[in-house]
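dropping a prediction and its sequence here:
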Amino acid sequence: MKTIGLIGGMSWESTQTYYRLINQGVKARLGGLHSARLVLYSVDFAEIEALQRHGDWAATAQILGEVARSLAAAGADFLVLCTNTMHKVAPQLEQAVEIPLLHIADATAKALHRQGVTQVGLLGTRFTMEQAFYRERLEAQGIRVLIPDTDQRERVHAVIYNELCCGEIRADSRAAYLKIVDSLAEQGAQGVILGCTEIGLLIEAEDTDVPLFDTTAIHAEQAVEAALG
């Protein structure tokens with residue numbers, strides 16, 4: 001079994017889901033008392049969020065590059081960056097270490113291809129929805145991406161940072177998200193990517209008839225497959 005290097009803490013609310021799903025996945029495949037071999041480095045999200053807000057992505061890349069080197073030195077065979085948004089600096093992380101990075105958008109594209117989805121809605125932070133780094137990665141793999149309108153994007157982003165990252169789950173926010181999911185489906189989305197690792201804490205597949213692609217679960221499953229080879 002390979003050793004997984006988890007870069008977590010963005011936020012820790014979703015990082016604990018990664019830890020649980022990866023260990024459950026290993027146990028399901030190997031049985032008994034088996035669990036994952038992994039090393040977790042959890043950052044202080046307040047520092048990262050402030051840099052995001054000010055657009056200082058170079059500083060975030062430097063911090064996460066140092067984390068990546070620490071995990072490689074600790075024996076990690078590959079990296080899992082437990083956040084969608086910070087994949088904006090994935091190229092810098094890949095340059096910082098010799099071990100591979102399991103990219104969350106690539107894992108998601110594989111899941112979409114398995115379901116025959118070629119046009120999909122995307123929910124996430126405003127960085128993930130509005131900037132090119134995530135959409136272009138999917139579009140390069142034949143997947144057209146739809147995003148909510150401006151007001152909807154602001155609501156989605158605010159709920160993530162002001163509620164979900166703080167462990168707050170609100171029924172009115174769930175209803176708002178599901179309305180946005182329906183809006184994307186009406187525009188032709190065959191499914192919707194939960195493109196922030198916290199969103200799966202708020203809405204689940206049974207909440208809607210629109211197929212949901214939870215990137216946390218998808219990424220964790222791919223990590224298990226990569227670890228067990």
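Sure thing, it's come through.

contacts, neighbours, all on C-alpha from now
Fine.

can I get the helix or strand where Ile22 lies in CSV, CA atoms only?
In this assignment (DSSP states H and E), Ile22 forms part of helix 12-30. Output in CSV follows, covering the C-alpha atoms of helix 12-30 (Å, rounded to 0.1, in the frame of the first residue of the first chain):
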residue,chain,number,x,y,z
TRP,A,12,-10.8,21.0,8.6
GLU,A,13,-14.6,20.3,8.4
SER,A,14,-14.1,18.6,5.0
THR,A,15,-10.6,17.3,5.8
GLN,A,16,-12.1,15.0,8.5
THR,A,17,-14.5,13.7,5.8
TYR,A,18,-11.5,12.9,3.6
TYR,A,19,-9.9,11.0,6.5
ARG,A,20,-13.0,9.0,7.2
LEU,A,21,-13.8,8.1,3.5
ILE,A,22,-10.2,7.1,2.7
ASN,A,23,-10.0,4.8,5.7
GLN,A,24,-13.4,3.4,5.0
GLY,A,25,-12.4,2.8,1.4
VAL,A,26,-9.3,0.9,2.4
LYS,A,27,-11.2,-1.2,4.9
ALA,A,28,-13.9,-2.0,2.4
ARG,A,29,-11.3,-3.3,-0.1
LEU,A,30,-8.9,-5.1,2.3
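
nearest spatial neighbour of Leu33, chain-adjacent residues omitted?
Spatial nearest neighbour of Leu33, chain neighbours left out: Lys27 (7.0 Å); criterion: CA to CA, 6 or more residues apart in numbering.

show me the domain layout of this structure.
Split into domains by automatic domain parsing, the chain comes to 4-103+218-228, 104-214.

kindly reformat these as TSV containing mean neighbour count.
Converted to TSV, those look like this (neighbours: other CA atoms under 10 Å):
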stretch	mean neighbour count
domain 4-103+218-228	18
domain 104-214	18
